[in-house]
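Participant: Provided below for reference: sequence and predicted model.
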Amino acid sequence: MDDSKTFILKIYRGNPGRQYWEEFEFPNEPYANVISALMDVQRNPVNRQGIKVEPVVWEQGCLEEVCGSCSMLINGKPRQACTAIISGIIKQTNSNIITLAPFTKFPLVRDLIVDRSLMFDNLKKVHAWIDVDGVYNRGPGPKISQAKQEVMYSLSTCMTCGCCVEACPQTNQHSKYVGPQIMAQVRLFNDNPTGKMQRRKRLRPLMEEGGIGDCGNAQNCGPACPKHIPLHDAIAAIGRDVTLQSLKDLFSLPDRD
Amino acid sequence: MASAKIDKKVIVVGGGLAGLSAAMKLAENGCKVQIVSVTKVKRSHSVCAQGGINAAMNSMGEDDSPIIHAYDTMKGGDFLGDQPAILEMCLSGPSIIYLMDRLGCPFNRTTEGNLDFRRFGGTLYNRTAFCGASTGQQLLYSLDEQVRRFEVKGLVEKFENHEFMRLVLDENGITRGVVIMDLFNLKLEVLKADAVVIATGGLGLLFKKSTNSTFCTGAANGRLYRQGMRYANGEFIQVHPTAIPGKDKMRLMSESARGEGGRIWVYGDSSKTIVGPDGKTRPCGKTGEPWYFLEELYPAFGNLVPRDIGSREILRICEMGLGVDGQMQVYLDLSHLSPEKLNKLESILEIYTKFTGDDPRKVPMKIFPAVHYTMGGGWIDWPAADDPDRWERFRHMTNIPGCFNVGESDFAYHGANRLGANSLLSCIFGGLVVGIEVPRYLESLTSSVNDSSSKIFDQAIDAERAIKKDLLSRNGGENVFKLHDELAEWMCNNVTVMRNNGDLKKTLSKIKEIKDRYGNITLDDRSQFANQTYAFANQFSAMLDLAFIITKGALLRNEFRGAHFKQEFPKRDDEHWLKTTIATFDPSQDEPVISYLPVDTRHLKPILRDYSQAKKVKPTLENIPANIQLPI
């Protein structure tokens, strides 16, 4: 265990085409997390060499791990910065140097900020919503069992943070693979008794390039998910559903619910 | 006379529950909606709402009704809320739950597969629908999905990572658009429309360590105030009794933890005494044994007293030296709950474990009150169904024609204190109301943005360019983030749970001093790309205005009402203070001008706000209009 009185953030920062490492040193205080350290840099943007620099920029929001804003690579692993408690990391790694870097699978904006719009665009491709008749009173929704609600709730906690996409070896800026989180969302909407009626609209795009066939089954996504969403299960289930649907389509079999 | 030239184009600023609910309903009503949001709308602060959403569905055999819900809300808000709006919100509750259910929001279920409900603070009924302990996140996602559906249809266009900088008003003071800034490249841009809906949430960041997300600066409302929008009831800031202290923020520990049976306690000390709300003096429990002080002081509501009461009692206990380990913290104990109940709270238990390393299933949590909700906000009109001028006025419209305000950023529904699980309801309800009132406003217009001269847009963008140039060139050495820390410390110490006029006066001078020093800031980042230092420095000016409004309103209000408590004035004073505080900007003065409006109490005359006794009352509300048309 490292009992040093300070810790160091080694940050891969800069603009597209010009990224570099910069180190900042902080007193090791109780309850410090990566976010509180970055906030300290805003107040006193002086690096370890004692040079005044521009404060590091990053995305943040709720700081309670429900918004998905503060995704970054911390010691090389994709995760949320708010739950990255300094003392825990030091204990785990036995080192007081912690590296921060922006995600690599998305276009860099600046420092630790990347543009994750692509994930939201992919939700459009797979019809990730329930087609309701309208926003007026049509009585209660369908009955749902407690067991089904539990599955739907766990799938529905996806923050679109991008940790699974970052961890996945199949996704990159040249690949069309929609990513693991999309499979979980398709499963969520196809599980919903109303959403099920449109399930083909979600399965058919996944037969194309960038769909389920692009998953290499590396299974990196599951452990990377901060919300413990059963991504591997979702991919397996969607894989089966897509195969079934493509066979039905091939033989022009009628759709039956 | 309606003009055929009016485009049904609407700008919605903010993409939380209120903004998305408005956008969804507007799109359904055929409007073209542009949403401006500082973040991806799916990351808006609504995701932080944990415990649930209220609606009196009476599905638990308790003889509950929307009328009792409205009664609880009026009483919980200490009668400062205008009552016609509260009544219609509560009447709409059940249909809103059904709507969200149909949109796919995964509410918890009973064994039969029906919606499940839990109990929340300030009521004796189980009327809170919930999705585990992340209800706000789930509701927001359901609306986000619907809005994406309309986006694909071409009815909604999003400007995410863009910030609202100012409203564009024409020569007659009518809304004609907004100026926004791209937070990635700092470029300013004009969006034109005849109606703008502000749904920008609360201002918790003013107090720095609050339960709010880091973008909840209140800047949009502060900027609008400078442009003439009335800001109402600023002094009413809700402090949530239970949050996890942290170095970067206070993390909410949901009221649902107590709704499921969680108990608050400290170790008793029989050598000390305390006066309860019944006026009786009693010992502070038994020395060395857990003392469940809320249960003893408020036997009827116990751990589920309204939030202002809970927070004040926790602070009082800690200031008596009874806090856990002698510090400003008390226990919130869930360790006795059954695995089924703990399961329903999983997401918040996980948060506690992640941030403290302790498992609340086994050991009591250490918690303390934190700034949580902004009851005050933009003043909005709310004509009741049977008001003779109902159809000449527009619900949720501010005093600026064409500028609407909704959600936490408006002042309506919650009066002097919001009841738990009413915020999600007020956001969705308000959004739906806006979705109907805005098209009606557009139809009433006789001239449109297409007739406006380009000059008004040029002037607006020029004004913003000038501010930007000025801020980036200031060179006095002050650091804006440090100024923020200083302001927040003063606000937290003097303008939250316990207030007194001496400290409030000192705080006003302090705000003025910080304002002067703000003129001397130097930005450590002068780049034109994703410059967060600049974005914050710009917001901070609006935050200073709001801080002044809140503090001045608090100083003037010499009574105790809901979240506003002064020891010198320990009673509610309806004779003098049953009125809405209105702050208006006067460029010739260096302070906000404070005036007052009467509160609409047509349905229920104010009664004593007593939570020490258990009585399920069957309230009757007076003067309920026969012609109410709910938005759903």
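Facilitator: That came in fine, so what should we check first? Numbering: from 1, shown residues only, chains lettered A, B, ... in the order given.
Participant: tell me the contacts of B:Leu188?
Facilitator: With contact set as CB atoms under 8 Å, 6 or more residues apart in numbering or on different chains, B:Leu188 has these partners: B:165, B:179-181, B:461, B:464-465, B:468. C-beta: built from backbone N, CA, C; applies to glycine.
Participant: ok, residue 204 - contacts?
Facilitator: Because you didn't say which chain, this covers chain A. A:245, A:249.
Participant: that's the wrong chain, I wanted chain B
Facilitator: For B:Gly204, the residues meeting the contact criterion (CB under 8 Å, 6+ apart) are B:210-212, B:216, B:371-374.
Participant: among those residues, which are in reach of chain A?
Facilitator: Filtering these for proximity to chain A by CB under 8 Å from any CB of the partner chain leaves nothing.
Participant: tell me the one of those residues nearest B:Met320?
Facilitator: Nearest to B:Met320 out of the contacts of B:Gly204 is B:Val371 (CB to CB; 22.3 Å).
Participant: three-state assignment of the closest one?
Facilitator: Under the three-state scheme (DSSP: H, G, I helix; E, B strand; the rest coil), B:Val371 adopts strand.
Participant: of the contacts of B:Leu188, which is the most crowded?
Facilitator: B:Ile180 (25 neighbours; other CB atoms under 10 Å in any protein chain shown).
Participant: quick check: it touching B:Asn161?
Facilitator: No - in this structure B:Ile180 lies outside contact range of B:Asn161 using CB atoms under 8 Å: 10.2 Å.
Participant: take stretch B:615-622, keep the C-alpha atoms, and write them as CSV.
Facilitator: Once non-C-alpha atoms are left out, stretch B:615-622 reads as follows in CSV (Å, rounded to 0.1, in the frame of the first residue of the first chain):
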residue,chain,number,x,y,z
LYS,B,615,-55.0,12.1,11.1
LYS,B,616,-56.1,11.0,7.7
VAL,B,617,-58.4,13.9,6.9
LYS,B,618,-61.0,14.0,4.2
PRO,B,619,-60.4,17.5,3.0
THR,B,620,-62.9,19.3,0.9
LEU,B,621,-61.6,21.9,-1.6
GLU,B,622,-63.8,24.9,-2.3
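Participant: thinking again about what came up before, now neighbour count too, for the contacts of B:Gly204, in a markdown table please.
Facilitator: Formatted as a markdown table, the contacts of B:Gly204 follow (neighbours: other CB atoms under 10 Å in any protein chain shown):
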| residue | neighbour count |
| --- | --- |
| B:Ser210 | 29 |
| B:Thr211 | 31 |
| B:Asn212 | 31 |
| B:Cys216 | 26 |
| B:Val371 | 29 |
| B:His372 | 27 |
| B:Tyr373 | 26 |
| B:Thr374 | 29 |
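Participant: state the pair within these that is farthest apart.
Facilitator: Among the contacts of B:Gly204, the pair separated by the greatest distance (CB to CB) is B:Thr211 and B:Thr374, at 11.5 Å.
Participant: need the three-state assignment for B:Ile96.
Facilitator: When classified by three-state DSSP, B:Ile96 comes out as helix.
Participant: what about B:Lys158, which helix or strand?
Facilitator: Secondary structure from DSSP states H and E places B:Lys158 in strand B:156-160.
Participant: so what are the sheet partners of that strand and their directions?
Facilitator: Each strand that pairs with strand B:156-160, with its direction, by DSSP bridges: strand B:32-37 (parallel).
Participant: I'd like the next helix or strand past the partner strand.
Facilitator: Towards the C-terminus, the helix or strand next in line after strand B:32-37, according to DSSP H and E, is strand B:53-54.
Participant: and the following helix or strand past that next one, how far from the chain's centre?
Facilitator: Towards the C-terminus, the helix or strand next in line after strand B:53-54, according to DSSP H and E, is helix B:66-76. Here helix B:66-76 is found 18 Å from its chain centre; the criterion is CA atoms, centre = their mean, to the nearest Å.
Participant: buried ones in helix B:66-76?
Facilitator: Within helix B:66-76, the residues that count as buried by 16 or more other CB atoms under 10 Å in any protein chain shown are B:66-76.
Participant: quick one: mean pLDDT for the longest helix seen in chain B?
Facilitator: Among the segments of chain B that qualify as a helix by DSSP state H, the longest is helix B:532-556. Helix B:532-556 shows an average pLDDT of 98 in the prediction.
Participant: so who does B:Ile550 touch?
Facilitator: The neighbours of B:Ile550, taking CB under 8 Å, 6+ apart as the test, are B:206, B:234-235, B:237, B:376, B:491, B:495.
Participant: need the max-distance pair from these.
Facilitator: Of all pairs drawn from the contacts of B:Ile550, the greatest distance, 13.9 Å, lies between B:Gly376 and B:Met491 (CB to CB).
Participant: higher neighbour count, these two?
Facilitator: A count of neighbours by other CB under 10 Å puts B:Gly376 above the other of B:Gly376 and B:Met491, at 31 against 24.
Participant: show me the contacts for the more buried one.
Facilitator: B:Gly376 makes contacts with B:231-237, B:411, B:550, B:553, B:581, as judged by CB under 8 Å, 6+ apart.
Participant: can you pull the pLDDT of it?
Facilitator: 98.
Participant: can you give me the helices for the stretch 1-150 of chain A?
Facilitator: A:34-43, A:86-93, A:117-125, A:146-156 (DSSP state H, counting those that start in this stretch).
Participant: flag every residue of the stretch 401-550 of chain B that's near chain A.
Facilitator: B:432, B:435, B:479, B:481-482, B:485, B:524-525, B:527, B:529-533.
Participant: now do the contacts for the residue nearest to A:Lys201 when sequence neighbours are not counted.
Facilitator: In this structure, A:Lys201 finds its nearest non-sequential neighbour in A:His127, 4.3 Å apart by CB to CB, 6 or more residues apart in numbering or on different chains. With contact taken as CB under 8 Å, 6+ apart, A:His127 is in contact with A:189, A:198, A:201-202, A:205.
Participant: let's check: the centremost residue of the chain is which one?
Facilitator: Just so you know, I chose chain A. Of all residues in chain A, the one closest to the mean position by CA atoms, centre = their mean is A:Gly162, 2.3 Å from it.
Participant: wait, chain B
Facilitator: Closest residue to the average C-alpha location of chain B: B:Glu408 at 3.4 Å, with CA atoms, centre = their mean.
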